[in-house]
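**Q** coordinates only, sequence not included:
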């Protein structure tokens, strides 16, 4: 068999790790990214510098390949639909991406399909939001184009209402959660579905970015089973082909609520490269290429630390402490090849594997304290 | 810290897996290969199509990088010495490569340093070899430019002497060995030395290429300790920086004899990608970059199957059975991206991991029987 050539919308770190995995199957990748210096720009001669949201650019890019996929969901779904109609395979399917691009549609979909999720109210603009003081405290989320902590804010009381987004969005009841977890689930064209064990995320208190991740999550078996069931139910309800990262809350009573999803490899699955029988990147490829899905069992417990640009440093990236963390056992460094750092930019991640939970935790903290992305 | 840019002499599969590993450390690779379609040709914009043995080409190639390494030993050591004198870092060092390029010098080195090896006689030409009928049966090996089973032949009796190589070589006493094993050892500039657990090779009866590999080797602890000791002694005696694959015989009495070495990542270390705490590719980079060496312990027992071009098939490669082997648990396929197959060409390898030795063996055989590189 010959595998189809794959066009990836986005040539960032997720595309880079996808390409690393795809090399083993001799996949030819084409990548499109708005940044001429994106992490993939030197890794394939078929790198195109261009907009992911411009329909003409995306359409033209897709014409050169057999199959189109994404590593970011903010892309022109019109162009993807056009390509699909023209006979290209597009996974995840354009209608799934369109639904997920809009948090309002996402939430309504959960509701319609009996997927437990936090209570919410759709809001059309700031004035509209202002009438729901009684619903606070809540998160106010923009319907579209909110990523990585952008487009989300907490409205604690009526006094915060003047800063509500003045665009279509939703108010979401604060969940008094015990943990945030994620399950990555894959589905191929023949309908095989496979989940990775749930992972547990620890967020940075200020920046709403994942700071640590622990895998597998320290949760009850019943909670893990429910999270697994919801992820499978969701990807099947979406009739989606590809990889879906499902972020969930576990509340104090042990109930699992779906928070948000991403239809692609995800930050919460980086550790699978070293810690699971198949990585999320290979699994994404297996799913969209309609290959048998790989086993997902945990080989070794892992922690993952995002490596973010240090505050106060903007310019050519320098990795302080690299030598020291490489001297630690079970530490796997992944730098994304971004030449320029800026505060809180995702510059890499580190996966730490260790069979002893105490040692794992302490190594993760040590890595976080030692390894810094700065400018000289 | 900023890592130096690395120029690799050779852009084949070993270079490809080295590059895959190096992406995680954001290493910039330049590659030189005589084949314009070599496995690395699309993976870096700094790919140069050119001869590895032409001193001018190698010298010019090396001038653009901070550090030069190899993925094949048949290169111009004169050019490497020139680069070294001009201030470039070259690892492994040119004098080590020069020694290893010549099997006669290799054998003499073992002898001088008390490294046990099979008895041998140097021969200058066919006529010279003809006088050693009494030494037969033996292998006759060309001193230089014998790779992958080329340049080696068995002379069983005096009747075979007319086919002896008519060039400088050596006659090597046949070792009545129980097993062939290999130990990969790394050494960095600060003198840290680290070995991988010994592996066991099973050769194809006709083609003198490794057919299966088992890791770790099924040998006594004392034998493993001796193999480990010899590998460390050898890399230290060579004063070498880099990765050294040491192939050894274990004879019926349990004695370990060094057979041949390769100063680079090696076929006998492919499995380390999935089966060991650090891969041989990352270890090679750590060694030549003078980073701390990584831990090498076995995570899971593994078997490795070389994927060779099927006899009778020459032309564009087609991978028959790929879908079936990907459906097997613990099977990791590595295709090298060679567009054209020919009989016995190394097109890829498959690593199988399984904690149960019986199942591991049976899966390895199954993979070997199912996955074929053919033309359509």
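**A** The structure has been received and is ready for your questions. This is a predicted model, so every value here is computed, not measured.

**Q** can we go C-alpha only for contacts and neighbour counts from here?
**A** OK.

**Q** what's near enough to touch the nearest residue to residue A:124 once chain neighbours are set aside?
**A** Using Cα to Cα, 6 or more residues apart in numbering or on different chains and skipping the chain neighbours, the partner closest in space to residue A:124 is residue A:168 (4.2 Å). Residue A:168 is in contact with A:122, A:123, A:124, A:125, A:142, A:143, counting by Cα atoms under 8 Å, 6 or more residues apart in numbering or on different chains.

**Q** Partner strands of the lowest-mean-pLDDT helix or strand in chain A and their direction?
**A** Sorting the helices and strands of chain A by mean pLDDT, DSSP states H and E puts strand A:210-215 at the bottom, at a mean of 85. Note on strand A:210-215: by DSSP bridges, its sheet partners are strand A:199-203 (antiparallel), strand A:302-308 (antiparallel).

**Q** right, and the helix or strand after the longest one?
**A** This points to strand A:302-308. Downstream of strand A:302-308, the next assigned helix or strand under DSSP states H and E is strand A:315-316.

**Q** which strands and helices sit next to the very next helix or strand once past that next one?
**A** Counting by DSSP H and E, the next helix or strand C-terminal to strand A:315-316 is strand A:318-320. Applying 3 or more Cα pairs under 8 Å, 6 or more residues apart in numbering or on different chains; DSSP states H and E, we find strand A:318-320 packed against strand A:372-374.

**Q** can the strand it packs on be found next to chain B?
**A** No. Strand A:372-374 lies out of reach of chain B by Cα under 8 Å from any Cα of the partner chain, never closer than 9.8 Å.

**Q** Pull the distance from that strand to the chain's centre.
**A** Chain-centre distance of strand A:372-374: 23 Å, with Cα atoms, centre = their mean, to the nearest Å.

**Q** Can you tell me what sits against that strand?
**A** Against strand A:372-374 from outside (Cα under 8 Å, 6+ apart): A:307-310, A:313-314, A:317-321, A:341, A:347.

**Q** same thing with stretch A:118-135?
**A** A:104, A:107, A:157-158, A:161-175, A:257-259.

**Q** State the pLDDT value of the residue nearest to residue A:124.
**A** What the model reports as pLDDT for residue A:168 is 95.

**Q** can you pull the buried residues of the longest helix seen in chain A?
**A** If you go by DSSP state H, chain A has its longest helix at helix A:221-237. Across helix A:221-237, burial judged by 16 or more other Cα atoms under 10 Å in any protein chain shown covers A:223, A:224, A:226, A:227, A:228, A:230, A:231, A:232, A:233, A:234, A:235, A:236.

**Q** how much space is there between the residue nearest to residue A:124 and residue A:261?
**A** Distance, residue A:168 to residue A:261, using Cα to Cα, to the nearest Å: 19 Å.

**Q** Just give me the residue right at the centre of chain A.
**A** residue A:266 (2.9 Å; Cα atoms, centre = their mean).

**Q** Can you tell me the element the closest residue in space to that one that isn't next to it in sequence falls in?
**A** For residue A:266, ignoring the flanking residues on the chain, the nearest one in space by Cα to Cα, 6+ apart is residue A:245 at 6.3 Å. Taking DSSP H and E as the criterion, residue A:245 maps to strand A:242-251.

**Q** quick one: that strand to strand A:199-203, angle?
**A** 70 degrees (axes from the mean of the first three to the mean of the last three Cα atoms, to 10 degrees).

**Q** Show me the strands paired with strand A:242-251, marking each as parallel or antiparallel.
**A** Paired strands of strand A:242-251, with direction, are strand A:177-187 (antiparallel), strand A:256-262 (antiparallel) (DSSP bridges).

**Q** Mind checking which of the contacts of strand A:372-374 are buried?
**A** Buried members of those, counted by 16+ other Cα under 10 Å: A:307, A:308, A:309, A:310, A:313, A:314, A:317, A:318, A:319, A:320, A:341, A:347.

**Q** for residue A:255, what are its contacts?
**A** Going by Cα under 8 Å, 6+ apart, residue A:255 touches residue A:223.

**Q** ok, back up a step: now pLDDT and distance to chain B too, for the buried residues of helix A:221-237, in a markdown table please.
**A** Putting the buried residues of helix A:221-237 into a markdown table (pLDDT from 0 to 100; distance: Cα to the nearest Cα, whole Å) gives the following:
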| residue | pLDDT | distance to chain B |
| --- | --- | --- |
| A:223 | 97 | 27 |
| A:224 | 98 | 23 |
| A:226 | 98 | 25 |
| A:227 | 98 | 24 |
| A:228 | 98 | 21 |
| A:230 | 98 | 25 |
| A:231 | 98 | 22 |
| A:232 | 98 | 20 |
| A:233 | 98 | 23 |
| A:234 | 98 | 24 |
| A:235 | 98 | 21 |
| A:236 | 98 | 21 |
